[in-house]
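Participant: Prediction below, plus the sequence it came from.
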Amino acid sequence: MAINGSTLATLKRGQRGVIRAINSADPQVQRLMVLGLVEGTEVEHASSAIGGDPMEFRLFGCGISLRLEHARHFKVAPVGAGD
Amino acid sequence: MTSSAEIRVPADEITVAKRIDASIAVVGNPNSGKSTLFNRLTGLKQRIGNYPGVTVEKHIGLLKTDDKVVELVDLPGTHSLSAHSLEEQIAVDVIFGRMAGTKTPDGVLAVLDATNLYQGLFLVQQLVELELPTVVALTMNDAAEKSGIQVDTAELSALLGVPVYPVVATTGAGLDMLRHALAGIIELTPPRRVRIWPQLTAAAERLAQDSRAPLRFAELERLLIDGPTASNQLIVGKLSDVARSQIEAVRAELFEDEPPIARDARIRYTWVREVLGKVQKSAPVYVTWRSKVTDFLNRPVPGTIGLFFVMAIVFQAVFAWATPVMDAIDAASSSLSGVVFERLGDTAFSSLIADGIIAGVGSVVVFLPQILILFLFIILLEDSGYLARAAYLMDRLMRSVGLSGQSIIPMISSFACAVPGIMATRVIPNRRDRIATIMAAPFMTCSARLPVYALLIAAFVPATKVGFLNLQGLVLMGLYLFGIVMGILTALIMRKTALRGPKPPFALMLPEFRRPNLQTVAIQLLGRAKVFLKRAGTVIFAVAVVVWSLAYFPRADDLPADLDPNTASALQMEQSWLGRAGKVVEPVFEPLGWDWRVSSAVIASFPAREVVIAVLGTVYAVGDDADEGTLSGRLKSATRPDGSKVFTLPMVIGLLIFYACCLQCAATLAIIRRETNSWRWPIFAWTYMTTIGYIGALLAFQLGSA
Ligand SMILES: Nc1nc2c(ncn2[C@@H]2O[C@H](COP(=O)(O)OP(=O)(O)OP(=O)(O)O)[C@@H](O)[C@H]2O)c(=O)[nH]1
Ligand SMILES: [Mg+2]
């Protein structure tokens, strides 16, 4: 899959990806960056709530939940296929 | 004022007050184990106070070694020194010495969770820049080892420039070394300046030169990142005019068109990743505590069903498990009353003891088991990390009413008590969102409503089985649901009117499920029991005595001696002060089907709703024989002068609705006042909730009796 099209929102459950670019204009997205979602960090899509929103991601042992609308601002390079 | 008498005070009596060698702030990420460590280090002998102006409990404890006494201050968790919510703001304000009534700490105990070094180091790196003597406690080492994480503490210490002590707060391993280091913290040299972002450091140094007073380097860095805001006005004030006018230019040059917070996060986390690579040798990238249970709960539909299942179990348990203990307390208090009359005879004094104090206070204390079970569940849910998952699962639903998943935690806490629930709203970053949650919280069925519900349900709902559930338990659950619906509707209406605004933000940390620490749970539970019993021993005791005397006096002297005891007590009650007052307000509550006894009990319970039981216990006990049984029995047989029953089903339903809605709690009003900083919201909440309660009870009674 092309890097351009993949975002945190398109990762499948159990799939991992490395964050490549962030559209950081939204203060909400900036907050997520303070929590560690920055370029170069590898994350795994751990779970989602009913309807696929919000989503739970794991990075370096911590879990963060974010909404679909914010997950879209994080472009990722997927690693592996997920389940 | 110095007299020779003062000098003769024994030395060991004044040490505690006078000789504190240093004040140390305990800082770390949320959930990193600060409070557990704090409790260990201070031997649980802490002073709990309040920061002036904000309703935040201030936990201060003393750590004593052979020759030193240092003071530890436990703070709310934060992720960064740029505060994002009120709770983080409090931590940051204390660290920078901006909190009124507290001075800048002399040192910092940085708590670093070994299983979450990534976010932990992001904060610790900022703490190092405070240039205060700092000691790092690396906690949760047991959990880290289990997941295969090994931390090179010597390397970490070298990279940070501060000592690092590995500990396990839950078992106490490694604490001696840490204690020793903390006692001598002021002798430590503050860490040297690390230049991980040289441009920012240089800009802050330039500003420091242009200041009129010595300024903390870390604060200037934060000023540059956050921009001049209300919280750093103090710093801006100390800068020269030239420097002040330059701030914006410096910021523009530093950040160009990238948001400062984003730039800060990018640079510091890059550094954190480098450090992690050096200190976390044999670590798996993903540390997960996986089991069939978590895997199951991680799937959307089972997770959501599981949440409702957990809540249903809690409410069933509250009713089912507590019954035997409650029956025992009830029996004990009625036999105690009997003994009092037997020993002291039928005098005013024995009536005060038996009908006033034992019946009044006893009828409330009897609910202690239920309340403890409820608190136990809430503490367990919170400590195991499940509440955060509930917030995550419920976010979608909460969003549809204009709130976010974060509002779920205060609301669930409000099932125990609205006061801590409302205090828990401090984690909600958005003000409108926070106030809407505060308005919804008092509708959640708190532990003071529980006794009222329990009494009325036990008396008037048959204990028949519906499937495998008990009808009484179901009605109770219905009342809880009613409270939830009312609360959510309220929030929805508020968000559409007075608190209209953009969608609330949402970013939530989801901790791993953890086995709750028994000691932590026990401490919290005991604290809750103490608060409840203290209330029963003070407020409710006082109300019981006052109500008893209002019902006992003035005595009806001219009653014929051969009158049967029930008629005599009815006549006495009717011409007592309480009876007269009840009669005055009766017309207001007449349309709800309440007689003057119920009306006076409701009026007396406006400061604290559970008082209604004490008052009913008293007004239905005065003059009665002890053998008439429990309060619910007496309520069932209560009649009006014309012989009709007072407690009909529509009237009881109305009464339940009234208690479900009405804001009869002085403590909640006070906390809303303090948390919103205005009288507007508590007055609004009280009026709104009382009106709804009255209308609800009116409809239930009138429609039900028609
Ligand atoms: N395994 C393990 N668990 C710990 C340790 N220290 C704390 N915990 C657990 O971690 C959880 C959080 O601990 P707290 O002390 O409440 O954390 P805190 O940092 O005060 O949290 P906030 O005040 O919410 O920011 C509790 O369930 C503790 O029992 C430890 O050394 N090992
Ligand atoms: Mg704590």
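Facilitator: On my side now, so go ahead. Ligands and ions are numbered 1, 2, ... in the order given.
Participant: Longest helix in chain A, please.
Facilitator: In chain A, assigned by DSSP state H, the helix with the most residues is helix A:27-34.
Participant: what are the C-alpha coordinates of that helix, in CSV please?
Facilitator: Output of helix A:27-34 as CSV, limited to C-alpha atoms (Å, rounded to 0.1, in the frame of the first residue of the first chain):
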residue,chain,number,x,y,z
PRO,A,27,-4.8,21.3,18.9
GLN,A,28,-6.3,17.9,19.5
VAL,A,29,-3.6,16.4,17.3
GLN,A,30,-1.0,18.4,19.2
ARG,A,31,-2.2,16.8,22.4
LEU,A,32,-1.8,13.4,20.9
MET,A,33,1.7,14.3,19.9
VAL,A,34,2.4,15.3,23.6
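Participant: Determine the set of other helices and strands touching it.
Facilitator: helix A:68-71, helix B:260-279, strand B:507-510 (3 or more CB pairs under 8 Å, 6 or more residues apart in numbering or on different chains; DSSP states H and E). C-beta here means a position set from N, CA and C on the backbone, and glycine is covered the same way.
Participant: and stretch B:308-328, anywhere near chain A?
Facilitator: No: Stretch B:308-328 lies apart from chain A when judged by CB under 8 Å from any CB of the partner chain; the minimum separation is 12.1 Å.
Participant: Not counting its own residues, what contacts that stretch?
Facilitator: Residues outside stretch B:308-328 that contact it (CB atoms under 8 Å, 6 or more residues apart in numbering or on different chains): B:366-367, B:369-370, B:373-374, B:377, B:381, B:386, B:450, B:454, B:469-470, B:472-473, B:476-477, B:480.
Participant: Using PyMOL, define a selection of the buried residues within those residues.
Facilitator: Buried subset of the contacts of stretch B:308-328, written as a PyMOL selection, criterion 16 or more other CB atoms under 10 Å in any protein chain shown:
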select buried, chain B and resi 366+367+369+370+373+374+377+381+386+450+454+470+472+473+476+477+480
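Participant: At the contact with chain A, which residues of the stretch 1-150 of chain B appear?
Facilitator: B:79, B:80, B:82, B:84, B:115, B:116, B:117, B:118, B:119, B:122, B:147, B:149.
Participant: Which ones among those lie within helices?
Facilitator: B:117, B:118, B:119, B:122.
Participant: Any figure for the gap between the residue of chain A positioned farthest from its centre and ligand 2?
Facilitator: The outermost residue of chain A relative to its centre, with distances by CA atoms, centre = their mean, is residue A:50 at 17.5 Å. Distance of residue A:50 to ligand 2, given as CB to the ion, to the nearest Å: 31 Å.
Participant: got the contact list for that residue?
Facilitator: B:300, B:301, B:304, B:393, B:396.
Participant: Would you check which pair of those lies furthest apart?
Facilitator: Taking CB to CB as the measure, these reach their widest spread between B:301 and B:396, a distance of 12.8 Å.
Participant: how about the residue nearest the centre of chain A, what does it touch?
Facilitator: A centroid search over chain A (CA atoms, centre = their mean) returns residue A:8, at 3.1 Å, as the residue closest to the centre. If you count contacts by CB under 8 Å, 6+ apart, residue A:8 has them with A:17, A:19, A:37, A:43, A:45, A:55, A:57, A:66, A:71, A:72, A:74, A:76.
Participant: Up against chain B, what does chain A have?
Facilitator: So chain A meets chain B at A:22, A:24-25, A:27-36, A:38-42, A:44, A:46-54, A:56, A:58-67, A:70 (CB under 8 Å from any CB).
Participant: what about 7 Å?
Facilitator: Residues of chain A lying close to chain B (CB under 7 Å from any CB of the partner chain) are A:24-25, A:28, A:30-36, A:38-42, A:44, A:46-51, A:53-54, A:56, A:58-67.
Participant: Of these, grab the buried ones for ChimeraX.
Facilitator: In ChimeraX syntax, the buried subset of the residues of chain A next to chain B is picked out as below (16+ other CB under 10 Å):
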select /A:24,28,30,31,32,33,34,35,36,38,39,41,42,44,46,47,48,49,53,54,56,58,59,60,61,62,63,64,65,66,67
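Participant: So which bits of chain B are right by ligand 1?
Facilitator: B:28, B:30-36, B:76-77, B:139-140, B:142-143, B:168-170, B:383, B:514, B:516-517, B:520 (CB under 6 Å from any ligand atom).
Participant: any idea which helix or strand comes after the longest helix along chain B?
Facilitator: Longest helix of chain B, by residue count under DSSP H: helix B:300-344. For helix B:300-344, the following helix or strand on the C-terminal side (DSSP states H and E) is helix B:348-351.
Participant: Now do that next one: everything it contacts.
Facilitator: With contacts defined as CB atoms under 7 Å, 6 or more residues apart in numbering or on different chains, helix B:348-351 is touched by B:340, B:341, B:344, B:552.
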